[in-house]
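# My questions concern the predicted model and sequence given below.
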Amino acid sequence: MNLNPDGWQGPSSWRMLYGMDINSKKSLVLVANNFGFLYLEVEGVSFGHIFVAW
């Protein structure tokens with residue numbers, strides 16, 4: 001899962017991972033970043049990001 005597809009564009013655009021959970025039985029990956037977004041990927045298909053208010 002590439003959270004920075006355009007590479008380094010300065011510190012305000014860089015995303016860091018704060019949490020990741022993998023379920024291998026369902027081929028599911030959940031990732032949270034420093035901007036409050038939750039990323040979902042199922043069997044290699046990325047569903048983009050969902051904003052989560054902390």
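Perfect, thanks for sending it. Numbers count the residues shown, from 1 in each chain.
# What segments of this structure are strands?
17-23, 28-33, 37-42, 45-51 (DSSP state E).
# give the contact list for Leu30.
Residues near Leu30 by C-beta atoms under 8 Å, 6 or more residues apart in numbering: Gly19, Met20, Asp21, Ile22, Leu38, Tyr39, Leu40. C-beta coordinates here come from the backbone N, C-alpha and C atoms, glycine included.
# let's go with 6 Å and repeat that
Asp21, Leu40 (C-beta atoms under 6 Å, 6 or more residues apart in numbering).
# do the one 3 residues further on as well
When the contact criterion is C-beta under 6 Å, 6+ apart, the partners of Asn33 are Arg15.
# what bridges to it?
Using DSSP bridges, the beta-bridge partners of Asn33 come out as Leu17.
# Please convert the strands of the chain to CSV, extending it with distance to Gly7 and mean pLDDT.
Shown next, in CSV, are these (distance: least, C-beta to C-beta, whole Å; pLDDT from 0 to 100):
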stretch, distance to Gly7, mean pLDDT
strand 17-23, 16, 84
strand 28-33, 16, 86
strand 37-42, 18, 84
strand 45-51, 18, 66
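# what's the closest of those to Pro11?
Of all the strands of the chain, it is strand 28-33 that lies closest to Pro11, at 14.1 Å by C-beta to C-beta.
# how far off strand 17-23 does the closest one point, in degrees?
Strand 28-33 runs at 170 degrees relative to strand 17-23, counting by axes from the mean of the first three to the mean of the last three C-alpha atoms, to 10 degrees.
# quick one, strand 28-33 and strand 37-42 angle?
Using the same axes, to 10 degrees: strand 28-33 against strand 37-42 is 160 degrees.
# where's Lys25 relative to Asn33, distance?
As judged by C-beta to C-beta, to the nearest Å, Lys25 and Asn33 stand 25 Å apart.
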